[in-house]
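Q: Sequence and predicted structure are below.
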Amino acid sequence: MDRKNGSRVKSRYVFLLGLLLLILLPESLSAQGGLLSPYSAFGVGSIQPYMNVRNMGMGGIAVGLSGKGDMNPLNPATYRTGVDTLSVRFDIGFNLGMNGLRERRPDGSIARNQSTSGGLSNLEFYFPVCKWYKMAIYLMPATDMHYRTSSFTDAGAFIGMTQLTHDGSGGIAKAGWGHSLGWGPVSIGANLIYEFGTVTESSTLSFLDDSLAAHAGQSEYYTTTKVNGFAADVGVTYRAKLKRGHFLTLGGSYTFQSKLYGRRTTMGQGVFTSGTDTAFLPEAARKGTIVYPSTVRAGFSFEREGQYVVGADFSYSFWEQYEEYGQKYNYQNTYAVNVGAELKNNPQAVSKARHFAYRIGAFYQTYYAAYGGNNLTSFGLSLGLGIPIRKSRSLINVGFQYGRIGVMNKGQIAEDYFRIGISLSSLETWFVKPKYD
């Protein structure tokens, strides 16, 4: 068997390993801890936008891309043009995040806190069914909750000082099965998505002055909500060929409003000097639903094939639709703007520097919940690099993202975060007859 066939066999082992990860990692993905952030306390956690490491380096643009290797779950129509007829593509990515929180106290001093977190960011497989029909299978986080807040109160002569603490952890992951087909410059696509996860929240009232309280200690209240449900995306792209190898792509996608089915368990516990008492409350294991909002996206890109691409995305989410266990919240609709560019890698270039891909981008977005009486906004910048692997069409992608949420002079907590992502993006030719020596 020649070297090409040996390489193909090795790539299939990697592919099978990826499929095994797809089967074994869902629960750990939905449970992995995130960055400590007070803004993840709303709903079922802060939204984790699709962040393939390549797209992260380009500011998060994805909807209006349609060149080779540009497939992504934010627009399922991209599968058809991103994958050729003879190859399988897969992308496995991981990320490490760090953030710093700053809050101005009433006395003018500044309170600070830091946290770090990491884990799987995406697992994606793309493959052809025929020339005009391609498929995708993927797994990635959808939301993340990880917060802790605390306040102190002097409750009077017979109780003394008390501390009230709120904690939250968990999140939701999603596994998708995508389809894309088309003819000529038009492609359409759809994703069928299964969402699942667990969110745990607790409130703890601690009696700090045991000399004044007859049975000093603390009382705790926990709720654990397990959710699952189905969702769907649809998308379309139009790739117009211009002169001299240039292309203009217009894209759009829509995520339908979805319903997650929950099972919520509530537990109360008291820990005092005289003993401990635990009780499941009457509403234990209560079933309910969480209505998740719809989102519409639009994007465009201008590309010189094999050389560079620049583009922008706009998205709008209808958070007024959000509902949790029959309760409506005063959430507002949100929007986001992403811009980015990539200088594509050229393996045939004389200069070794051109063997690498270079990416840059920026984003701005609003939040569905207010804090400190003011609306929340976020902005950030990103950089990326694609490093070629010798004697293959694969890349090791490295991405860097800096962002900020909130503004201290508006009574909010300013959160600065930094993410580093790394992924293996591999393209392997499978569907050709092997040659033997």
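A: All right, it came through fine.
Q: Strands along the stretch 301-437 of the chain, start to end?
A: 308-317, 323-324, 327-328, 334-343, 357-371, 374-388, 395-405, 414-429 (DSSP state E, counting those that start in this stretch).
Q: Show me what residue 182 bridges to in the sheet.
A: For residue 182, the beta-bridge partners are residue 187 (DSSP bridges).
Q: I'd say it and residue 76 touch.
A: No: applying Cβ atoms under 8 Å as the test, residue 182 and residue 76 come out as separate, 11.2 Å apart. Where you see a C-beta, it was placed from the backbone N, CA and C, and this is true even at glycine.
Q: Tell me which of those two has more neighbours.
A: Between residue 182 and residue 76, residue 76 has the larger neighbour count (other Cβ atoms under 10 Å), namely 30 against 20.
Q: where does the closest residue in space to that one that isn't next to it in sequence land in three-state SS?
A: Closest residue to residue 76 apart from its sequence neighbours, by Cβ to Cβ, 6 or more residues apart in numbering: residue 189 at 3.0 Å. With DSSP: H, G, I helix; E, B strand; the rest coil as the basis, residue 189 sits in strand.
Q: pretty sure residue 189 contacts residue 135?
A: No: here residue 189 does not reach residue 135: they are 9.9 Å apart, not a contact under Cβ under 8 Å.
Q: Between those two, which has more neighbouring residues?
A: More neighbours surround residue 189 than the other of residue 189 and residue 135, with 26 against 18 (other Cβ under 10 Å).
Q: What pLDDT is listed against the more buried one?
A: For residue 189, the pLDDT comes out at 97.
Q: separation between it and residue 361?
A: Using Cβ to Cβ, to the nearest Å, one obtains 23 Å as the distance from residue 189 to residue 361.
Q: Repeat that for residue 427.
A: Remark: distance between residue 427 and residue 361 (Cβ to Cβ) = 23 Å.
Q: try residue 426
A: For residue 426, the distance to residue 361 - Cβ to Cβ - is 23 Å.
Q: More neighbours: the two, which one.
A: Using other Cβ under 10 Å, the more surrounded residue of residue 426 and residue 361 is residue 361, with 26 against 21.
Q: Ignoring the adjacent residues along the chain, who's closest to the more buried one?
A: Closest to residue 361 by Cβ to Cβ, 6+ apart is residue 59, at 2.0 Å.
Q: what's that neighbour in contact with, if anything?
A: 338-340, 360-363, 381-382 (Cβ atoms under 8 Å, 6 or more residues apart in numbering).
Q: Which pLDDT does the model give it?
A: Per-residue confidence for residue 59 comes out at a pLDDT of 95.
Q: returning to what we had before: give me the common contacts of residue 189 and residue 135.
A: Here residue 189 and residue 135 share the contacting residues 79, 178-180, scored by Cβ under 8 Å, 6+ apart.
Q: Let's have the strands of the stretch 301-437 of the chain in JSON lines, adding distance to residue 193.
A: Shown next, in JSON lines, are these (distance: least, Cβ to Cβ, whole Å):
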{"stretch": "strand 308-317", "distance to residue 193": "16"}
{"stretch": "strand 323-324", "distance to residue 193": "19"}
{"stretch": "strand 327-328", "distance to residue 193": "24"}
{"stretch": "strand 334-343", "distance to residue 193": "20"}
{"stretch": "strand 357-371", "distance to residue 193": "20"}
{"stretch": "strand 374-388", "distance to residue 193": "24"}
{"stretch": "strand 395-405", "distance to residue 193": "24"}
{"stretch": "strand 414-429", "distance to residue 193": "21"}
